[in-house]
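quick check, what structure comes out for this input:
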Amino acid sequence: MRIYLADLGHNLVTATSDTYPLGVGNLATYAKAYAKSKTPVEAQIFRDPQELKAAIDAAAPDVIGFSSYSWNHHLALSFADYAKLANPNALTLMGGPNFPLTEDEQDSWIRTMPQIDMHVRGPTYEGERALLSTLQRFIDVGTRREGMWDEAIDGALFVHPQTGEILRGGELPRIRDLDEIPSPYLAGLMDKFFDTGLFALMQLARGCPFTCAFCNSAVKSNSKVFRHSFERTKADLDYIVARINHASPLCFADDNFGMYVQDEEVADYLGHLMEKYDWPKYIRTTTGKNRGDRIIKVMRKAKGRLPMTSSVQSLNPTVLKNIKRDNISLDTYAEVQQELHSKGMQSYGELILCMPGETKESFMDAVDKLIETGVSRVAAHQLMLLHGAPLANPESREEFGFKTRHRVVARCLGKYTGDTVVETEEMVVESEHFSFQDYLDTRVFHLLLTIFYYEDNFDEAFRLAKANGIRPFQVVKYMQEILDEAPQELRDAVSGYLEENQAELFETRADCAAWAKENYDDLISGELGGNLLSKYSMIGRFIVLNEALGFLKRAISDLLGPDNQNAQAMLESIIGYYDAVMLHVPFAENLEREPVWTSQFDVEGWRADGYSGSLSDYRFDAPRDFQTQVDTRIKSTLLSRIETFGEHASGLGRFTRTMFANDFRRKLDSTSQSHAAE
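Predicted coordinates for the structure are as follows:
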């Protein structure tokens, strides 16, 4: 029996799914290990649509299963159609978290997908036992579709092809010991991905004890946390490090990494790998929502290569009550940030626009407060109504007065088997206390915040401002106020962002998909669409960098005032430093440049000392010349990422997520540096 399992990612603009397909890898090893069949179970896994098409053309499967997410659902459906053309008797399956919570919505949803025979419905994020139950029925009836419909199957949901009746199987228990799932790494299923430029993905634990109503991890069946053993995790890490390009990051699919005592043991071993192999250089995951003390321990052990993602989502008590979320106190939050920065570690704060009960004023106040706690970046996500999340239920929509629009999921469209495939998502753009104009205003503010206050990218300049009584929030807010006076190239970027924000929103999915098909060439080329915040912040940071630097200098200079000549001279030096060290597009050309920076202030010495005292304390007796150079490891990594993702704004947004802002700076020749007091 030939089984194909696919977690497909669109890739015609850039690789939208940038990790190995761990989920279907787990499904494949589980099925092969436990299915009782007289003939061997052949299971292959796929990420790229082109590879799956070639496999179907070469040998059509008996069973084909798809993972469904908001970013690949219609791509999966198109390949279900394609598989049926190649083998009309093929059994088509679909699973994944992209599935409504209420039974009425589920019934309507599955009737829109006649090309899918069965929906494999394990608990959230867990489909191994449900898939096995379905496959075993298929095997037991002689691998014939006709015998599949006689009675319900535990873990499955389907429309009976003759009667039109919906049959629901019982819910299967979750897997308590994740080692029950044979490792897809040790089984060799992931070997073909090591040279693709995709990122290795692991999962240490499943489940989330939090009940955040906007998230599809919030369902009760997902509340208990179960884990792999350390021995299994260590074996997978050893297998990966022996085969992976050591410039590639490591990703964990955990909801709360670092929150549990077992994570400390994993972090210890990661530290060992870093010392021995200098890998992983960056760890991407979602860190825990409490137990800040333990998360700090884990981050220390990971040698600063694991940023803390501090997801508060809102600081408004009304919002927190509406979304059933508890946050740590802001004082504790600030203590965590201070500890992180004292150890040279980074953290991100996350908020969500248009939450139920949020206002523009409370949202902006939350940004200001988060920045003051010391986070390196504040991400302001947009509220999506996801299948599987309680806020998407009909009663929540009505209660909170959500007004929604549909837009194309960033970079998720293409032509793979014939017709154009378009993925869309439903966004909340207005709620009872948050107008559409508020939505647009906060989007522009957040673009400026992302360009200028990202992972301490311009930390020296903001530190100088703060030393003179000017908060980072005030700098960015002032930038928005004087935006009409910004350099033309930067104004064009902001205008383009705002225009695309409005142009990409549609009343219905059908209208959105029709627009995408009409503008297909521009969307594929990157002229339109993409993750707009990422796309336009990449333009600001890497394409119009010189103009952005000029605007940053103008804003801080205005706020400092003309009488503060000493601070103005220090600002001039800092901006000159950025101009010399910051890398930008075109990278291949820019990586070869090694400009000389002349300064009367030891900017890097000030930063190295934790911004102790004033930059004026780091004044040289006379201006000094500093030779810059590009680190060979950074050069190699950048060129590799550009080859995989491209150098256009959309591609840049894909790989900068797994690099630190300081990775995009030239280094100063240490032999030319000395402290001002020497």
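
CA only for contacts and neighbour counts going forward, please
Fine.

look at Gln382 and say how many residues are nearby.
Using other Cα atoms under 10 Å, Gln382 has 16 neighbouring residues.

was I right about it contacting Gln313?
No - Gln382 is beyond contact range of Gln313, at 10.3 Å (criterion: Cα atoms under 8 Å).

which neighbours do those two have in common?
Counting by Cα atoms under 8 Å, 6 or more residues apart in numbering, the contacts common to Gln382 and Gln313 are Ile352.

so where is the stretch 101-250 of the chain shaky, pLDDT-wise?
124-125 (pLDDT under 70).

which parts of it are strands?
118-120, 156-159, 166-168, 200-202, 205-206, 226-227, 250-252 (DSSP state E, counting those that start in this stretch).

buried deepest among these, which one?
strand 118-120 (a mean of 26; mean count of other Cα atoms under 10 Å).

so what does it touch, helix or strand wise?
strand 91-95, helix 128-140, strand 156-159 (3 or more Cα pairs under 8 Å, 6 or more residues apart in numbering; DSSP states H and E).

list the buried ones in the strand or helix carrying Leu320?
Using DSSP states H and E, Leu320 sits in helix 317-322. Residues Val319, Leu320, Asn322 are the ones in helix 317-322 that count as buried (16 or more other Cα atoms under 10 Å).

what's next to the helix or strand that it is followed by, contact-wise?
Once helix 317-322 ends, the next helix or strand along the chain (criterion: DSSP H and E) is helix 330-342. Residues outside helix 330-342 that contact it (Cα under 8 Å, 6+ apart): Gly292, Asp293, Ile296, Gln346, Ser347, Glu372, Thr373, Gly374, Val375, Gly610.

tell me the one among the residues you listed nearest to Gly540.
Checking the contacts of helix 330-342 against Gly540 with Cα to Cα, the nearest one is Val375 at 20.9 Å.

quick one: contacts for that closest one?
Going by Cα under 8 Å, 6+ apart, the list of residues near Val375 reads Gln337, Gln346, Ser347, Tyr348, Gly349.

pLDDT value on it, please?
Reported pLDDT at Val375 in the predicted model: 82.

what helix or strand does it sit in?
Using DSSP H and E, Val375 sits within no helix or strand.

next: Ala588.
Judged by DSSP H and E, Ala588 forms part of helix 587-590.

just the C-alphas of that helix, formatted as PDB.
Listed next in PDB are the C-alpha coordinates belonging to helix 587-590 (Å, rounded to 0.1, in the frame of the first residue of the first chain):
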ATOM      1  CA  PHE A 587      24.100  42.300  -0.400                       C
ATOM      2  CA  ALA A 588      26.500  40.600  -2.900                       C
ATOM      3  CA  GLU A 589      28.000  44.000  -3.700                       C
ATOM      4  CA  ASN A 590      27.600  45.500  -0.200                       C
END
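
contacts for it, please.
By Cα under 8 Å, 6+ apart, helix 587-590 touches Leu583, His584, Leu638, Leu639.

quick one: it to chain centroid distance?
On the basis of Cα atoms, centre = their mean, to the nearest Å, helix 587-590 is displaced by 26 Å from the centre of the chain it belongs to.

which of the contacts of helix 587-590 lies closest to Asp419?
Of all the contacts of helix 587-590, Asp419 sits closest to Leu639, with 33.9 Å by Cα to Cα.

tell me who's in contact with that closest one.
Here Leu639 is in contact with Phe587, Ala588 (criterion: Cα under 8 Å, 6+ apart).

and if you look at the one 3 residues further on?
By Cα under 8 Å, 6+ apart, Ile642 lies in contact with Gly651, Leu652.

with Ser614 instead?
Ser614 neighbours (Cα under 8 Å, 6+ apart): Ala467, Trp606.

renumber starting at 52 from here on
New numbering, starting at 52: the last item is Ser665.

any idea how far Phe524 is from it?
Counting by Cα to Cα, to the nearest Å, the gap from Ser665 to Phe524 is 21 Å.

hmm, back to that, highest neighbour count among the contacts of helix 381-393?
Most surrounded of these: other Cα under 10 Å gives Val426, at 28 neighbours.

if I look at Tyr236, how far off is Asn77?
From Tyr236 over to Asn77 the distance is 9 Å, taken as Cα to Cα.

kindly report the same for Arg196.
24 Å.

just Asp630 next, same as before
48 Å.

of the two, who's got more company?
Each of Asp630 and Asn77 has its neighbours counted (other Cα under 10 Å); Asn77 has more, 20 against 17.

the helix or strand where that one lies packs against which elements?
In the assignment (DSSP H and E), Asn77 maps to helix 73-85. In terms of contacts (3+ Cα pairs under 8 Å, 6+ apart), helix 73-85 is packed against strand 53-57, strand 93-97, helix 179-191.

run the chain-centre distance for that helix.
25 Å.

now do the contacts for Asn519.
By Cα under 8 Å, 6+ apart, the neighbours of Asn519 are Leu611.

confidence score at it?
On the pLDDT scale, Asn519 gets 96.

so how far is the helix or strand hosting Glu476 from its chain's centroid?
According to DSSP H and E, Glu476 maps onto strand 471-481. Counting by Cα atoms, centre = their mean, strand 471-481 is centred 17 Å from the centre of its parent chain.

same check, this time on stretch 356-373
For stretch 356-373 - counting by Cα atoms, centre = their mean - the centre lies 16 Å from the chain centre.

hmm, who's touching it?
331-340, 346, 350, 377-378, 396-403, 406-409, 413-414, 417.

which residues does the top strand by length along the chain contact?
Ranked by residue count, the top strand of the chain under DSSP state E comes out as strand 454-466. Applying Cα under 8 Å, 6+ apart, the contact partners of strand 454-466 are 60-65, 67, 121-123, 471-482, 555-560, 563-564, 567, 574-575, 580-583.

swap the cut-off to 7 Å and go again
61, 63-64, 67, 122, 471-482, 555-560, 563, 580-582 (Cα atoms under 7 Å, 6 or more residues apart in numbering).

ok, and what's touching the strand holding Glu476?
Outside of strand 471-481, the residues within contact range by Cα under 7 Å, 6+ apart are 121-126, 405, 433-436, 453-460, 463-466, 487, 490, 560, 564, 568.
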